[in-house]
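In: what would the 3D arrangement of this be:
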Amino acid sequence: MTAARDPIADLRRIAFLLERAHESTYRVRAFRNAAAALRTEAARGKDVATLDLRDVKGVGEVTARCVAESLAGEVPVYLRRLEATEGVELDQAAVALREALRGDCHSHTDQSDGGSPLWEMVETAITLGHEYVVITDHSPRLTVANGLSPERLRRQLEQIAELNAGLRGFRVLTGIEVDILDDGALDQEEELLAQLDVVVASVHSKLRMPRAEMTERMLTAVANPHVDVLGHCTGRMVTGRRTRPESEFDADAVFAACAENGVAVEINSRPERLDPPKRLLRLAVEAGCEFTLDTDAHAPGQLDWLDYGCTRAVQCGVPAERIRNTRPVEQLLA
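Out: This is a model prediction of the structure:
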């Protein structure tokens, strides 16, 4: 008799592959919710194999079929189809860069606008072979993204400390994606920003601000000693339902300021962003900037989007030694 597989792991793997393929959120959520429902039942001491799945809230017809196939010792058909078509072909240099990356400096949890809890993002990062992941949920003013108030951020820092206490060989780093306000100030208390391992500063509002004003806004933020990374610098969206043009600013001045102040320019790997555009990424290389190559993941499967950024980095001649998350955690923090 074939040994049963782990149906919860199979459901999570399906959700991961759907997220990585940029499939619709409702489809991903169906599998992730089913996995969470079964995990809850198991935590209550129930044997998943004996459950009547029709009575388990969160498990539907398709997910129930996957569970039945897993319990029968078979790879679910849905999972087989996804694994047969997974993967993004990279040339040799991009593959080498991907292998050199040790972690991700920009990720979100369900404490702001991400889709999964802290522990799930961390488990996925470990599975992908990362040595660290930085949790960078949004700051308060971005209410549409459920940005973290100072009190909520402090609670998250406590949760991360507790999580790190039980981990070996992996580190969860504290961080924030802090809004750059209209005048270039940062949308969080200075005392809190000073405590964080990594501060990613991004513009999320008034993206059509006149060029001179946007330049001054970004220069002010980059000069702030708490800022470590300039996130998705143009704010553009190139695919999906909400395409958006690039913000206009003096890129020569902003990248020169990044190089002078030790602020890394983010290579954002999200397929709808791919920010900076290639011409600006080459300009940042020429300006002597350092970089982080990040996923800006809002769900576990998106943590495997680094390939997109690696391809662009290689195409634009970004030296691997200038990408900060190719470094061990101690060097990254230093």
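In: quick check: end-to-end length of stretch 61-79?
Out: With C-alpha to C-alpha, to the nearest Å applied, stretch 61-79 spans 15 Å between its terminal residues.
In: now what about that stretch, what contacts it?
Out: 1-7, 10-11, 13-14, 17, 30-31, 34, 38, 48-49, 53-54, 59, 83 (C-beta atoms under 8 Å, 6 or more residues apart in numbering). From N, CA and C alone the C-beta is placed, and that goes for glycine too.
In: and what of stretch 324-334?
Out: Identification of contacts with stretch 324-334 by C-beta under 8 Å, 6+ apart yields 97, 100-105, 131-132, 171, 173, 197-198, 264, 290-294, 320.
In: so which of these belong to strands?
Out: Taking DSSP state E as the definition of strands, the contacts of stretch 324-334 contribute 103, 104, 132, 171, 173, 198, 264, 291, 292, 293, 294.
In: what ranges do the helices span in this protein?
Out: Assigned by DSSP state H, the chain shows helices spanning 7-20, 25-43, 61-71, 77-85, 92-100, 118-127, 150-165, 190-195, 211-222, 251-261, 278-286, 306-315, 329-333.
In: now those as TSV including distance to residue 138 and mean neighbour count?
Out: Compiled in TSV, the helices of the chain are given as follows (distance: least, C-beta to C-beta, whole Å; neighbours: other C-beta atoms under 10 Å):
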stretch	distance to residue 138	mean neighbour count
helix 7-20	19	23
helix 25-43	18	18
helix 61-71	30	18
helix 77-85	30	13
helix 92-100	27	15
helix 118-127	14	20
helix 150-165	10	14
helix 190-195	14	14
helix 211-222	16	19
helix 251-261	22	19
helix 278-286	24	17
helix 306-315	21	22
helix 329-333	22	14
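In: going by mean pLDDT, which of those comes out lowest?
Out: Lowest mean pLDDT within the helices of the chain: helix 77-85, a mean of 85.
In: can you state the direction angle for that helix and helix 61-71?
Out: Helix 77-85 runs at 80 degrees relative to helix 61-71, counting by axes from the mean of the first three to the mean of the last three C-alpha atoms, to 10 degrees.
In: check contacts around residue 178.
Out: Counting by C-beta under 8 Å, 6+ apart, residue 178 touches 139, 186, 187, 188, 193, 199, 200, 201, 202, 227.
In: ignore the last one, residue 13
Out: Residue 13 is in contact with residue 79, counting by C-beta under 8 Å, 6+ apart.
In: look up how far residue 104 lies from it.
Out: Distance from residue 13 to residue 104, counting by C-beta to C-beta, to the nearest Å: 19 Å.
In: can you check residue 47 too?
Out: Plainly put, residue 47 is 36 Å away from residue 104 if you go by C-beta to C-beta.
In: same question, residue 155
Out: With C-beta to C-beta as the criterion, residue 155 and residue 104 are 22 Å apart.
In: quick check: domain ranges of this structure?
Out: 7-85, 92-333 (automatic domain parsing).
In: what's the spacing between the longest one and its chain's center?
Out: The one in question is domain 92-333. 8 Å (C-alpha atoms, centre = their mean, to the nearest Å).
In: between the two ends of it, how far is it?
Out: In domain 92-333, first residue to last residue: 29 Å (C-alpha to C-alpha).
In: stretch 108-124 too?
Out: This stretch, stretch 108-124, spans 13 Å end to end (C-alpha to C-alpha).
In: same thing with stretch 78-92?
Out: Stretch 78-92 has its terminal residues 31 Å apart, counting by C-alpha to C-alpha.
In: touching stretch 202-218 from outside, list them.
Out: Contacting residues not belonging to stretch 202-218 are listed as 141-142, 177-180, 182-184, 230-233, 235, 244, 247-250, 253-254, 257 [C-beta under 8 Å, 6+ apart].
In: so among those, which ones count as buried?
Out: Among the contacts of stretch 202-218, those scoring as buried are 142, 177-180, 184, 230-233, 235, 247-250, 254, 257 (criterion: 16 or more other C-beta atoms under 10 Å).
In: what number of residues lie near residue 277?
Out: 17 (other C-beta atoms under 10 Å).
In: give me the pLDDT for it.
Out: Taking residue 277 on its own, its pLDDT is 94.
In: look up how far residue 179 lies from it.
Out: Taken as C-beta to C-beta, the span from residue 277 to residue 179 is 22 Å.
In: list the contacts of the nearest residue to residue 96 once chain neighbours are set aside.
Out: Spatial nearest neighbour of residue 96, chain neighbours left out: residue 320 (7.8 Å); criterion: C-beta to C-beta, 6 or more residues apart in numbering. By C-beta under 8 Å, 6+ apart, the residues touching residue 320 are 96, 97, 100, 326.
In: closest to residue 25 among these?
Out: The closest of the contacts of residue 320 to residue 25 turns out to be residue 97 (C-beta to C-beta; 29.3 Å).
In: not counting its neighbours along the chain, what's nearest that closest one?
Out: If the residues on either side of it in the chain are set aside, residue 97 comes closest to residue 310, at 4.6 Å by C-beta to C-beta, 6+ apart.
In: what's that neighbour in contact with, if anything?
Out: 90, 94, 95, 97, 98, 101, 269, 293.
In: surely residue 17 and residue 83 touch.
Out: Yes - between residue 17 and residue 83 a contact is recorded at 7.0 Å, counting by C-beta atoms under 8 Å.
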